[in-house]
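Participant: predicted model follows, preceded by the sequence.
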There are 2 protein chains.
Amino acid sequence: MSRTSENKTPSLSRVRREREKAATRQRILEAARELFTTEGYAQTSMRRIADQIGYTATAIYHHFKDKDALLNELCLMDFRALFEALRQMDQIPDPITRLRLMGQNYVKFALAHPQQFRFMFLVERPIPGPDQITIDPAEDGYAFLLNNLSEAIELGLFRPEFKDPELLAQIVWSGVHGLAAIHLTAPGKSHPWMELRDPDETARQLSDVVLRGLLREPTT
Amino acid sequence: MSRTSENKTPSLSRVRREREKAATRQRILEAARELFTTEGYAQTSMRRIADQIGYTATAIYHHFKDKDALLNELCLMDFRALFEALRQMDQIPDPITRLRLMGQNYVKFALAHPQQFRFMFLVERPIPGPDQITIDPAEDGYAFLLNNLSEAIELGLFRPEFKDPELLAQIVWSGVHGLAAIHLTAPGKSHPWMELRDPDETARQLSDVVLRGLLREPTT
DNA sequence: AGGCGCACCTAACACCGTTAGATTACTTCA
DNA sequence: TGAAGTAATCTAACGGTGTTAGGTGCGCCT
């Protein structure tokens, strides 16, 4: 008996508890982000994260499965932020300038949030984890890129041999992604055997080059 | 007195000792490479490396400063191998096809040696370390790329606004580097929200696109 | 033959991620 | 009001990590 009465009441203090739980969860994430970005993932210990907010290391495990779960959650937020930044380009009418600006903003974002970008794309993560099967956050941004390319294809802006949006997406993404990666992990940044050019300027020129290579009509 | 006699003799067994020392050094490197590539850097312990070749973990410290030194030495070898592969393109007369093939082979190398490529470019390493100031191994390859681009510039093959070899190098490198990075760390490789196209084909098309964007005369 | 140094070892330190189980604080209900 | 229960946090510990200090034995050189 006593079917525990369905527990209908929000009970006014239960919700406060939940809000507080969410709050400390957030504080953990903030501390983790701070330390991950300043010290690096491997060099940051659970104990240091906990210390920073006045908890014990084990307390974190009531909010997150393990250390990787922390990293994954942060990555998720960063994916959303990145593609939110890109989506703002949606209002630009011309699909080509839209693509050009998306490329430049991709690089800008990567260099403005270097460690986040590293987490998102450059860290070797054990398994993507089938527990996070929900809506893949990256799908939105990649789909957005695909849509833009499809639109340009249908408008007949590209050379006739370029009809596969997926292939085109991977081509234009490669350029800006590689530029960001080079600036973030530049070998010889200390003993500069390579003079890194200004990233924004390079991104602009790179976008121009790639788009001119794709376009049917040669632009000036 | 007794100025320690200059020690002229190679002493015949001294050299054998040195050869043996170099041999076990090499065996350590091989074991480390094996484990790093199969298990990952962070997941590989000094004790496991030592076990694999019948030593104690501390023995490794007589040959290498620490774990990072192992990684750095392996990276160095891989840099040399990569740029040796690229240098073989030197015999191709036309600088443009030479550049095209360099790009394609860069991607081929990266995907044929995924973990090495990760070590070289994608791993966040603490400090490049001023102890390895010798001839930077990457300089050769990058300088090779620079030379090819300078040659093409002097031949007047590129559009007039492209006169900075350094900038051009970073543009063309970005493309192939990003393509390799995407294929190596592809997010959603498990739940494929993106259909990765064949890397060799993509590399070919990417090289075409970038070079067409750079060239003065539009090619067919 | 005797001394020396090199290559390797054992023991230990401080720290790590993570788990088990106790403890506290607070909500709920009789 | 007080008993019961539960959620959040703690202490203690385990097995493992990179690394250092100091010892051991063997081979080389005088």
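Facilitator: Structure received.
Participant: who's in contact with the spatially closest residue to residue A:56 that is not a sequence neighbour?
Facilitator: Nearest residue to residue A:56, sequence neighbours excluded (C-beta to C-beta, 6 or more residues apart in numbering or on different chains): residue A:50, at 5.5 Å. Placement of C-beta: from N, CA and C, glycine included. Taking C-beta atoms under 8 Å, 6 or more residues apart in numbering or on different chains, we find residue A:50 in contact with A:56, A:57, A:59, A:60.
Participant: same thing with residue A:89?
Facilitator: A:98, A:101, A:102, A:105.
Participant: for the last one, phi and psi?
Facilitator: Its backbone dihedrals place residue A:105 at phi -70, psi -30, with angles given as degrees, to the nearest 10.
Participant: quick one, what contacts it?
Facilitator: By C-beta under 8 Å, 6+ apart, the neighbours of residue A:105 are A:85, A:86, A:89.
Participant: burial count for the second one?
Facilitator: Counted with other C-beta atoms under 10 Å in any protein chain shown, residues neighbouring residue A:86 total 22.
Participant: wait, does the one helix or strand it maps to make contact with DNA strand C?
Facilitator: Taking DSSP states H and E as the criterion, residue A:86 maps to helix A:67-87. Yes. Helix A:67-87 lies within reach of DNA strand C by C-beta under 7 Å from any atom of the strand, at A:67, A:68.
Participant: surely residue A:200 and residue A:110 touch.
Facilitator: No. Between residue A:200 and residue A:110 there is no contact under C-beta atoms under 8 Å: 11.5 Å.
Participant: comparing these two, which residue is more hemmed in?
Facilitator: Neighbours of residue A:200 and residue A:110, each counted by other C-beta under 10 Å, are more numerous for residue A:110; the result is 24 against 12.
Participant: in the lengthiest helix in chain A, what's buried?
Facilitator: Counting residues, the longest helix found in chain A (DSSP state H) is helix A:14-39. Residues of helix A:14-39 classed as buried: A:28, A:29, A:31, A:32, A:33, A:35, A:36, A:37 (neighbour count, 16 or more other C-beta atoms under 10 Å in any protein chain shown).
Participant: now what about the lowest-mean-pLDDT helix or strand in chain A, what contacts it?
Facilitator: Lowest on mean pLDDT, DSSP states H and E among the helices and strands of chain A sits helix A:114-117, with a mean of 80. Contact with helix A:114-117 is made by A:36, A:37, A:74, A:75, A:78, A:81, A:109, A:110, A:111, A:180, A:184, as judged by C-beta under 8 Å, 6+ apart.
Participant: residues in contact with the fourth one?
Facilitator: When contacts are counted by C-beta under 8 Å, 6+ apart, residue A:75 touches A:116, A:119, A:120.
Participant: between those residues, which is closest to chain B?
Facilitator: residue A:120 (7.3 Å; C-beta to the nearest C-beta).
Participant: show me what contacts the nearest residue to residue A:34 once chain neighbours are set aside?
Facilitator: Counting by C-beta to C-beta, 6+ apart, residue A:52 is the residue found nearest to residue A:34 once chain neighbours are left out, at 7.3 Å. Residues counted as contacts of residue A:52 (C-beta under 8 Å, 6+ apart) are A:31, A:34, A:35.
Participant: please tell me how far residue A:52 sits from residue A:69.
Facilitator: 18 Å (C-beta to C-beta, to the nearest Å).
Participant: still on that earlier bit, so after the longest helix of chain A, what's the next helix or strand?
Facilitator: Following helix A:14-39 in sequence, per DSSP H and E, is helix A:46-52.
Participant: what's the helix or strand that that next one is followed by packed up against?
Facilitator: Using DSSP H and E, the helix or strand that follows helix A:46-52 in sequence is helix A:57-60. Here helix A:57-60 touches helix A:46-52, going by 3 or more C-beta pairs under 8 Å, 6 or more residues apart in numbering or on different chains; DSSP states H and E.
Participant: buried set for the helix it packs on?
Facilitator: A:46, A:49, A:50, A:52.
Participant: looking at residue A:100 now. What's its pLDDT?
Facilitator: For residue A:100, the pLDDT comes out at 97.
Participant: what values do phi and psi take at residue A:40?
Facilitator: Dihedral angles (degrees, to the nearest 10) for residue A:40: phi 100, psi 150.
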